[in-house]
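**Q** Kindly return the folded structure for what I paste below:
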Amino acid sequence: MTEEHVDVIIIGAGVSGIGAAAHLKQRCPDVSYLILEARDDLGGTWDLFRYPGIRSDSDMYTFGYEFKPWVAGQTFADGPSIKSYVRETAREYDALSHIRFGHRMAAANWDSETARWTIEVERGENGERARITCGFLISCTGYYNYAHGYLPEFEGADAFQGDLVHPQHWPEDLDYAGKRVAIIGSGATAVTLVPAMAKTAGHVTMVQRSPTYIAARPQKDVIANFMRRILPKRAAYGVTRAKNVLLTIYFFTLAKRWPGFVKRMVLKGVRDELGEDFDVETHFTPSYNPWDQRFCLAPDGDFFASLRDGEASVVTGQIERFTQIGVLMKSGEEVEADIIIPATGLEIQLLGGARVSVDGRDVAPSECLAYRGMMMSGIPNFVIAFGYTNASWTLKIDLTFRRTCRLINYMQANGYDYCVAEAPADLETDAFMNLNSGYIQRAEAILPKNGVRPPWRNYQNYIRDKISIGFAPLEDGVLAFRHAGAQEAAPASPQEEPDTLAASAAE
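**A** Okay, here's the model as predicted:
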């Protein structure tokens, strides 16, 4: 089994992995690194998902990297455009030459004696095994299983005589022109698929167990376009990004403090889109408060336009079973379909399903507490990229990688070999993610814990994280710095911490 060594290994070449590489290039230029990517191309989610209409449901001025302005004009970009943006970033920051495609991390073991990670990799069609060691490991694998999505057991599924297609594995040759399509689900994927397929299909029916909050948003950002005309590209991007961050935080805070008001406001928007004759109460009035689950967005109201035009319809209720010709509801209504698409969500999976051990002992994320939303207690020299549930993913990972680079530089400057976050035994914990969505609830047993006080609290708030992750000192009394083979925390270097703070503030 071959073995090589680099300073840093990044797992995954999606939005997060390429972002991590770009930050290393800018802030740690002398650090050697590799990106291990299980797939044959970069892009992650934006390479995997190929279903019609695939797009971001976060605005690109905050989903884009902080250091690379989004200038394409679309507020909510399609999948191919996002993948192109990621590839362009990888090219600009020389990340392409560092990627090993077809390399899946099967296991990672930390050894405190040598202060090294040993990564066991499966590569190639035959799953050849190789070992690569590193001093620092960054997981950018996302939070779901790439091999398969979540699919509930539907009674009678084998009886259905049409095509059953999960959005996560969309066949390139699927012909749905003029056909009847039933899309099961009411989340972002379903809301995206309905208008995209309705343009070509005979008719599209969205079959939902319960409604979701859906809001129309303009595809063009008037302020962003104006700023680009009067300001340099980077300045215009920064202004628009700040504006959108503040608006997102404002709306989320408003929804949490005055949920009834926000609910009425959103439902009024739906009625304005569909007209008073549409049964908004049945099909678009959720039983939960706004932001207890993620919002769904309809760029330029495309989803609602498909309903108004009669190209699509919504059926709300419990599914009894599949039949030979479609879906039978418990109400007795049968939705006839040539194609059924279960847009039923993701299967949560951390670290790409790899086994992680520390000094020979297996460690599961569920046993750990999240430290500043980016590290896990008891796992040395390890960072996990995890974005926001209530805002753009990339806002959080940019903060995460800024601090990661500070951390690497600080340890090198002071001669430390590794750092580890040590959680107090009596710390009260709660759920890591503040949503009651089905895919989150199903994964509660495998997610790390969230502490009730900093730095263990996962805020889901960019401004608070800007302080907690961006400006907080590295020597915080929680993160222990050590030398290889040492059992006790190494003493702090008193002359370095003020410089670190100054550098942080300058950022």
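**Q** In this structure, mark out all the helices, start to finish.
**A** 15-27, 45-48, 60-63, 79-92, 188-198, 222-230, 233-257, 259-274, 280-283, 302-308, 393-414, 438-442, 462-465, 497-506 (DSSP state H).
**Q** low pLDDT regions in the stretch 401-507 of the chain?
**A** Applying pLDDT under 70 to the stretch 401-507 of the chain flags residues 433-444, 486-507.
**Q** As TSV, the helices of the chain with mean neighbour count and distance to Asn109 would be great.
**A** In this view, the C-beta of every residue, glycine as well, is placed from N, C-alpha and C. Shown next, in TSV, are the helices of the chain (neighbours: other Cβ atoms under 10 Å; distance: least, Cβ to Cβ, whole Å):
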stretch	mean neighbour count	distance to Asn109
helix 15-27	25	21
helix 45-48	21	28
helix 60-63	25	34
helix 79-92	19	29
helix 188-198	25	36
helix 222-230	14	47
helix 233-257	16	39
helix 259-274	16	46
helix 280-283	15	51
helix 302-308	20	47
helix 393-414	22	20
helix 438-442	17	28
helix 462-465	17	30
helix 497-506	13	30
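**Q** Tell me which of the ones you listed lies nearest to Asp476.
**A** For Asp476, the closest of the helices of the chain is helix 497-506, at 9.7 Å, according to Cβ to Cβ.
**Q** returning to what we had before: nearest to Val165, out of the helices of the chain?
**A** helix 188-198 (10.3 Å).
**Q** contacting residues around that closest one?
**A** 51-55, 57, 167, 176, 181, 183-184, 204, 206, 208, 212, 214, 294, 296-298, 302-303, 305-306, 309, 311-312, 341, 343, 345 (Cβ atoms under 8 Å, 6 or more residues apart in numbering).
**Q** Out of those, list just those in strands.
**A** Per DSSP state E, strands hold the following members of the contacts of helix 188-198: 181, 183-184, 204, 206, 208, 214, 296-298, 312, 341.
**Q** What is the nearest of the residues you listed to Asp30?
**A** Of these, the one sitting nearest to Asp30 (Cβ to Cβ) turns out to be Leu297, at 42.1 Å.
**Q** That closest one and Asp57 touch, don't they?
**A** Yes: in this structure Leu297 lies within contact range of Asp57 using Cβ atoms under 8 Å: 4.9 Å.
**Q** Which of those two has more residues huddled nearby?
**A** Neighbour count, other Cβ atoms under 10 Å: between Leu297 and Asp57, Leu297 has more, with 23 against 19.
**Q** what's the domain layout of the chain?
**A** Taking automatic domain parsing as the criterion, the chain consists of the domains 3-146+348-506, 157-342.
**Q** By mean pLDDT, show me the worst of those.
**A** Note on those: domain 3-146+348-506 shows the lowest mean pLDDT, a mean of 88.
**Q** Would you pull up how far that domain lies from the middle of the chain?
**A** 12 Å (Cα atoms, centre = their mean, to the nearest Å).
**Q** can you check stretch 255-263 too?
**A** In terms of Cα atoms, centre = their mean, the centre of stretch 255-263 is set 25 Å apart from its chain centre.
**Q** one step back: find the residues that touch each one of Leu297 and Asp57.
**A** 76, 188.
**Q** number of nearby residues for the nearest residue to Trp393 once chain neighbours are set aside?
**A** Of all residues not flanking Trp393 in the chain, Gly387 sits nearest, at 3.0 Å (Cβ to Cβ, 6 or more residues apart in numbering). Neighbour count for Gly387, taken as other Cβ under 10 Å: 22.
**Q** Equivalent analysis for Pro171, please.
**A** By other Cβ under 10 Å, neighbour count at Pro171 equals 10.
**Q** ditto for Asp40
**A** Neighbours around Asp40, by other Cβ under 10 Å: 8.
**Q** In the lengthiest strand in the chain, which residues are buried?
**A** Longest strand in the chain, counting residues (DSSP E): strand 128-139. When burial is assessed from 16 or more other Cβ atoms under 10 Å, strand 128-139 yields the following buried residues: 130, 132-139.
**Q** got those residues as CSV, with distance to Gly317 columns?
**A** Shown next, in CSV, are those (distance: Cβ to Cβ, whole Å):
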residue, distance to Gly317
Ala130, 52
Ile132, 52
Thr133, 55
Cys134, 52
Gly135, 55
Phe136, 51
Leu137, 47
Ile138, 45
Ser139, 40
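**Q** Now do the same contact list for Leu164.
**A** Contacts for Leu164 (Cβ under 8 Å, 6+ apart) come out as 157, 339-340, 342.
**Q** Buried ones among those residues?
**A** 339-340, 342.
**Q** Phe261: which of those is nearest?
**A** Out of those, the member with the shortest distance to Phe261 (by Cβ to Cβ) is Pro342, at 34.6 Å.
**Q** So the closest one versus Arg209, what's the distance?
**A** Between Pro342 and Arg209 the computed distance is 12 Å (Cβ to Cβ, to the nearest Å).
**Q** Same question for Val6.
**A** From Val6 across to Arg209, the span is 48 Å (Cβ to Cβ).
**Q** Likewise for Glu172?
**A** Taking Cβ to Cβ, one finds Glu172 at 30 Å from Arg209.
**Q** Among those two, which residue is more densely surrounded?
**A** Set Glu172 next to Arg209 and count neighbours by other Cβ under 10 Å: Arg209 wins out with 13 against 5.
**Q** residues contacting the residue lying closest to the more buried one once chain neighbours are set aside?
**A** Spatial nearest neighbour of Arg209, excluding adjacent residues (Cβ to Cβ, 6+ apart): Gln318 at 6.2 Å. Residues in contact with Gln318 (Cβ under 8 Å, 6+ apart) are 209, 329-331.
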